[in-house]
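Student: how would this look folded up:
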Amino acid sequence: MTAPPLPPTPPPHPASDPAAPAPAQPVKSPAASVAWAVATIVVALVVGFLAWTWMTRDTAPPAAGRPAVEGSGSASTGDASAPEPAGTLADGAAEGQVAQDGATQDGASQTLTAEQEEILLGLQRREEGDPLAVGAVDAPVVLIEYADYRCPYCASWAREVKPGLQPFVDDGTLRIEFRDAIVFGEESALVAVAARAAGEQGLYWEYHDAIFAASPTSGQADLPQERLVELAEEVDVPDLDRFEADLSSQELLDAVQADMAEAAGIGIRSTPTFVVNTVPVRGAQPLEVFTELVEQQATTAP
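Tutor: Just a heads-up that it's a prediction; the model follows:
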């Protein structure tokens with residue numbers, strides 16, 4: 001069964017810097033590999049979304065809890081300042097908003113079926129020793145984040161919201177799992193590989209945090225290969241020669257592409273997007289939205 005698309009939310013606020021992304025630095029493995037991957041994911045996204053729309057054309061898209069709040073931003077594929085085109089995930093509700101009781105503003109029901117809940121729960125990896133995850137593997141709540149390292153909204157969420165969730169991680173309630181959802185092309189793919197290269201030396205989250213800490217508040221971050229090496233030095237990656245060699249690792253690139261395929265399979269085309277157990281959330285929502293969701297999901301998780 002195809003996973004359900006995420007529910008409608010407000011179209012993203014335009015970035016204050018509408019400049020186009022800087023030219024991407026190619027990954028040292030064949031450039032065609034990334035280009036083909038991006039093209040494949042875009043095609044899969046469109047085909048998958050159209051198929052799911054047809055299958056569920058008589059029902060409202062699923063949601064629960066408080067999956068959306070007006071006023072938060074997300075970056076769409078290829079252009080952080082571009083509005084959602086007609087026929088995408090922004091459609092389906094008045095103003096694309098979801099009310100707090102789990103219904104759209106026009107009153108349509110947004111209840112998940114048991115099968116849909118099972119599919120969303122199946123996205124959780126819960127792998128012991130996963131470098132892209134923090135928190136107990138048996139935590140009752142798993143927050144999956146789909147993000148692009150060059151997305152300004154992802155950076156804002158990482159700096160301003162994620163630290164506020166740490167108490168839930170510390171007490172065993174929450175596990176956070178990161179997924180690469182590339183929306184800004186080859187340079188973003190290279191950054192994702194670099195983060196995994198740092199992870200190969202036990203410093204994934206230190207590198208993750210350093211990237212977002214250095215990101216601009218608007219527009220896409222400029223992260224050519226030389227800057228990625230500088231960041232590795234800043235977080236004390238012990239073997240810089242190995243780090244640079246891993247930037248051309250086909251294995252790490254394949255892992256990034258696998259995350260991209262997962263994101264496309266559930267209809268994600270903007271970042272950041274989250275799944276909190278069975279509740280999809282799109283955009284850099286404020287801390288209180290995630291706090292309430294985690295508390296609610298912790299009391300209802302099996």
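Student: residues near Leu132, how many?
Tutor: Residues near Leu132, counting by other Cβ atoms under 10 Å, number 20. Glycine gets a C-beta too; all of them are placed from N, C-alpha and C.
Student: pLDDT score assigned to it?
Tutor: For Leu132, the pLDDT comes out at 98.
Student: residues in contact with it?
Tutor: By Cβ atoms under 8 Å, 6 or more residues apart in numbering, the residues touching Leu132 are 177-179, 196, 199, 204.
Student: With Val137 instead?
Tutor: Residues near Val137 by Cβ under 8 Å, 6+ apart: 126-128, 175.
Student: So which of those wins on neighbours?
Tutor: Ranking the contacts of Val137 using other Cβ under 10 Å puts Arg175 first, with 23 neighbours.
Student: Just the element for that residue, please.
Tutor: strand 174-180 (DSSP states H and E).
Student: what angle do the next helix or strand after that strand and strand 174-180 make?
Tutor: Using DSSP H and E, the next helix or strand after strand 174-180 towards the C-terminus is helix 186-199. Counting by axes from the mean of the first three to the mean of the last three Cα atoms, to 10 degrees, helix 186-199 lies at 130 degrees to strand 174-180.
Student: mind listing the strands for the stretch 51-200 of the chain?
Tutor: Under the criterion DSSP state E, counting those that start in this stretch, the stretch 51-200 of the chain contains strands at 75-76, 133-134, 141-147, 174-180.
Student: about what we covered before: tabulate the contacts of Val137 in JSON lines, adding columns for pLDDT and distance to Val256.
Tutor: Shown next, in JSON lines, are the contacts of Val137 (pLDDT from 0 to 100; distance: Cβ to Cβ, whole Å):
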{"residue": "Arg126", "pLDDT": "97", "distance to Val256": "20"}
{"residue": "Glu127", "pLDDT": "97", "distance to Val256": "17"}
{"residue": "Glu128", "pLDDT": "96", "distance to Val256": "21"}
{"residue": "Arg175", "pLDDT": "98", "distance to Val256": "21"}
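Student: could those residues go into CSV alongside distance to His208?
Tutor: CSV is the format used below for the contacts of Val137 (distance: Cβ to Cβ, whole Å):
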residue, distance to His208
Arg126, 19
Glu127, 17
Glu128, 19
Arg175, 16
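Student: just those residues now: which is nearest Leu253?
Tutor: Nearest to Leu253, judged by Cβ to Cβ, of the contacts of Val137 is Glu127 at 19.5 Å.
Student: So the closest one sits against Val142, correct?
Tutor: No. At 11.4 Å, Glu127 does not count as touching Val142 under the criterion of Cβ atoms under 8 Å.
Student: residue ranges with poor pLDDT in the stretch 101-250 of the chain?
Tutor: 101-110 (pLDDT under 70).
Student: rerun at 50
Tutor: 101-109 (pLDDT under 50).
Student: circling back: partners of the strand holding Arg175, with directions?
Tutor: Paired strands of strand 174-180, with direction, are strand 133-134 (antiparallel), strand 141-147 (parallel) (DSSP bridges).
Student: Touching it from outside, list them.
Tutor: 124-126, 130, 132-137, 139, 141-148, 162, 165, 168-169, 189, 192, 208, 256, 259-260, 262-263, 294, 298.
Student: at 7 Å what do you get?
Tutor: 124-125, 132-137, 139, 141-147, 165, 168-169, 192, 256, 259-260, 262-263, 294 (Cβ atoms under 7 Å, 6 or more residues apart in numbering).
Student: And stretch 197-216, by the same measure?
Tutor: Against stretch 197-216 from outside (Cβ under 7 Å, 6+ apart): 131-132, 134, 149, 152, 155, 158-159, 191, 195, 221, 231-232, 234-235, 237-239, 243, 246-247, 249, 252.
Student: Dump that stretch to PDB, keeping only the CA atoms.
Tutor: Coordinates of each C-alpha in stretch 197-216 appear next as PDB, following Å, rounded to 0.1, in the frame of the first residue of the first chain:
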ATOM      1  CA  ALA A 197      30.900  11.500   6.800                       C
ATOM      2  CA  ALA A 198      31.200  13.200  10.200                       C
ATOM      3  CA  GLY A 199      28.900  10.600  11.500                       C
ATOM      4  CA  GLU A 200      31.300   7.900  10.400                       C
ATOM      5  CA  GLN A 201      33.600   9.400  13.000                       C
ATOM      6  CA  GLY A 202      31.000   9.700  15.700                       C
ATOM      7  CA  LEU A 203      30.200  13.400  15.200                       C
ATOM      8  CA  TYR A 204      27.000  13.400  13.200                       C
ATOM      9  CA  TRP A 205      24.900  15.600  15.500                       C
ATOM     10  CA  GLU A 206      27.800  18.000  16.300                       C
ATOM     11  CA  TYR A 207      28.200  18.500  12.500                       C
ATOM     12  CA  HIS A 208      24.500  18.800  12.000                       C
ATOM     13  CA  ASP A 209      24.200  21.500  14.600                       C
ATOM     14  CA  ALA A 210      27.300  23.400  13.300                       C
ATOM     15  CA  ILE A 211      25.800  23.500   9.800                       C
ATOM     16  CA  PHE A 212      22.500  24.900  11.000                       C
ATOM     17  CA  ALA A 213      24.200  27.300  13.500                       C
ATOM     18  CA  ALA A 214      26.100  28.800  10.600                       C
ATOM     19  CA  SER A 215      23.200  29.100   8.200                       C
ATOM     20  CA  PRO A 216      21.600  32.400   7.200                       C
END
